[in-house]
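Asker: Got a sequence here, can you model it:
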Amino acid sequence: MQKRRFTKSIVALGAMTLGLVLTPAVQAQQAPFKIGFILPMTGQSASTGRQIEAAARLYMAQNGTTVAGRKIEVIFKDDGGVADATRRTAQELVVNDKVDVLAGFGLTPLALATAPIATQSKTPMVVTAAATSIITEQSPYIVRTSFTLPQVTLGIAEWAAKNKIKKAMTMVADYGPGIDAERTFKDRFQLNGGTIVGEIRSPLRSPDFAPFLQRVSDTKPEALFVFLPSGQGAAFMKQFGERGLDKSGIRLIATGDVTDDDQLNDMGDVALGVVTSHHYSASHPSALNKKFVAAFEAANKGMRPNFMGVAGYDGMRVIYKALEATKGAGGGDALLAAMKGQLFESPRGQILIDGQSRDIVQDVYIRKVERVNGQLYNMEFDVQKAVKDPGKAK
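Answerer: Numbers count the residues shown, from 1 in each chain. Take a look at the predicted model:
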């Protein structure tokens, strides 16, 4: 009897010892893997947050909520598009929620506000919206799945020169991406023999385009090049049409933010014929994109995905595959290493996360707004393959 009791004690002690040895590893595998999305869900850029959240939820619905033994937990936070709120939210997500990845960032100032936190905490930060060139240089932990403005501006600048436009005016939002777009368009357009006859910078918040459009009307350029952040295109197009500029002979050319798929049908006939360059259109003819658009619209009461949506979708893919590559172990540096160099087919076409810059390399399309089956679409008619950000192209 005493021997049996002694044996049981040894077994129990062994089990306890084994538990002490294995528990940390087991807990690491069983603990949820947390992704903290910081998005502008309210305010002027709310459409960006709505698109990215919808895309992230769709990716999870299609690919499951467990990766390499880890339950995926996504925390969505609204920063209202205000940098101080972004910084505070990022700090709370890292310190209190102990997220494994930060993601989102609807505007450049929001991404810049978070970069030091990502660096200090060694937390990978997946930028699915903000598009100023310098963003990935602000922290070694930043990976981008959206785009840069120079990357998508080159195409329309070259198209303008090839299509006998000699005199153009520029109009951009007055913040980082707008300055990038303005500089890139001017440099390439002038290099190809064009002349810039005027430059306009509109305020980022609550712009009234009327005085700027009056300047355009008075100057009478052959073309007006425009960049505006996602969410402002519909208001701009409305005022462009109200002032008769669509019938004035001044050609409107732009980056794809202006003819945003999310708002395009609300713009009406004024948008017809507008030529833009961008990296994604809901009308992209690949089988993968058709499946993506159908699923996105079905899950979101007919809402059409835009370039923000596809970047959120691809951002989730990059995170999932990195966690798979680390076999569920995660860890900031290991996750970051597994994100670098990912090459895959996206609904927008083939994309690469450059291993050195951690920025995206992707195709850029030249598109024209056309009516198809009663709806407006950005219809692609030319492409530049595997475009890097010009500043990182060397």
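Asker: hey, let's count contacts and neighbours off CA atoms from now on
Answerer: OK.
Asker: For stretch 368-381, buried residues please.
Answerer: Buried positions in stretch 368-381, judged by neighbour count with 16 or more other C-alpha atoms under 10 Å: 368-371, 376-380.
Asker: Work out the gap between that stretch and the centre of the chain.
Answerer: Mean C-alpha position of stretch 368-381 versus that of the full chain (C-alpha atoms, centre = their mean, to the nearest Å) differs by 22 Å.
Asker: same thing with stretch 343-355?
Answerer: 13 Å.
Asker: likewise stretch 335-342?
Answerer: 18 Å.
Asker: would you put the C-alpha positions of that stretch in CSV?
Answerer: Provided in CSV are the C-alpha atoms of stretch 335-342 (Å, rounded to 0.1, in the frame of the first residue of the first chain):
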residue,chain,number,x,y,z
LEU,A,335,7.5,37.7,-38.1
LEU,A,336,9.1,40.6,-39.8
ALA,A,337,11.7,38.4,-41.5
ALA,A,338,8.8,36.1,-42.7
MET,A,339,7.0,39.1,-44.2
LYS,A,340,9.9,40.2,-46.3
GLY,A,341,10.2,38.8,-49.7
GLN,A,342,6.6,37.5,-49.9
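Asker: hey, where'd the strands end up in the stretch 101-250 of the chain?
Answerer: Under the criterion DSSP state E, counting those that start in this stretch, strands of the stretch 101-250 of the chain are mapped to 101-104, 125-127, 142-144, 167-173, 195-202, 223-227.
Asker: Dump these to TSV, plus mean neighbour count, mean pLDDT and distance to Gly43.
Answerer: Below are the strands of the stretch 101-250 of the chain laid out as TSV (neighbours: other C-alpha atoms under 10 Å; pLDDT from 0 to 100; distance: least, C-alpha to C-alpha, whole Å):
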stretch	mean neighbour count	mean pLDDT	distance to Gly43
strand 101-104	28	98	16
strand 125-127	30	98	19
strand 142-144	27	98	23
strand 167-173	23	97	17
strand 195-202	17	97	18
strand 223-227	25	98	20
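Asker: Tell me how far Lys321 lies from Phe344.
Answerer: Using C-alpha to C-alpha, to the nearest Å, we find Lys321 at a distance of 11 Å from Phe344.
Asker: cool, and Thr48?
Answerer: Using C-alpha to C-alpha, Thr48 is found at 24 Å from Phe344.
Asker: higher neighbour count, the two?
Answerer: Thr48 (29 against 14; other C-alpha atoms under 10 Å).
Asker: That one contacts Ser230, doesn't it?
Answerer: Yes. Shown here, Thr48 and Ser230 form a contact pair, counting by C-alpha atoms under 8 Å, at 6.7 Å.
Asker: quick one: contacts for Met316?
Answerer: Applying C-alpha atoms under 8 Å, 6 or more residues apart in numbering to Met316 gives the contacts 56, 59.
Asker: hang on, it in a strand?
Answerer: No. Residue state for Met316 (DSSP: H, G, I helix; E, B strand; the rest coil) corresponds to helix; a strand is not indicated.
Asker: That one and Leu204, how far apart?
Answerer: In terms of C-alpha to C-alpha, Met316 sits 28 Å off from Leu204.
Asker: Would you map the strands across the stretch 251-394 of the chain?
Answerer: Taking DSSP E, counting those that start in this stretch, the strands of the stretch 251-394 of the chain run over residues 251-255, 275-278, 343-346, 349-353, 360-372, 375-387.
Asker: returning to that earlier point: pLDDT for the buried residues of stretch 368-381 - can I get that in a markdown table?
Answerer: Converted to a markdown table, the buried residues of stretch 368-381 look like this (pLDDT from 0 to 100):
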| residue | pLDDT |
| --- | --- |
| Lys368 | 98 |
| Val369 | 98 |
| Glu370 | 98 |
| Arg371 | 98 |
| Leu376 | 98 |
| Tyr377 | 98 |
| Asn378 | 98 |
| Met379 | 98 |
| Glu380 | 98 |
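Asker: Which residue comes closest to Ser358 once chain neighbours are left out?
Answerer: No Ser there; residue 358 is Arg. Val143 (5.0 Å; C-alpha to C-alpha, 6 or more residues apart in numbering).
Asker: pretty sure the one you found is touching Val126, no?
Answerer: Yes. Between Val143 and Val126 a contact is recorded at 4.9 Å, counting by C-alpha under 8 Å.
Asker: what touches both of those two?
Answerer: With C-alpha under 8 Å, 6+ apart, Val143 and Val126 have no common neighbours.
Asker: how many other residues sit next to Lys162?
Answerer: If we define neighbours as other C-alpha under 10 Å, then Lys162 has 12 of them.
Asker: Ok, Asp84 next?
Answerer: 15.
Asker: Next: the one 5 residues further on.
Answerer: Burial of Thr89 is recorded as 19 neighbouring residues (other C-alpha under 10 Å).
Asker: Phe37 too?
Answerer: Neighbours around Phe37, by other C-alpha under 10 Å: 29.
Asker: measure it to Thr136 for me?
Answerer: Counting by C-alpha to C-alpha - Phe37 and Thr136 are separated by 18 Å.
Asker: do the same with Phe76
Answerer: Look at Phe76 and Thr136: by C-alpha to C-alpha, they are 22 Å apart.
Asker: same check, this time on Ile250
Answerer: To Thr136, Ile250 is 36 Å away according to C-alpha to C-alpha.
Asker: The two: who's more crowded?
Answerer: The neighbour comparison of Ile250 against Thr136 (other C-alpha under 10 Å) goes to Thr136, with 22 against 17.
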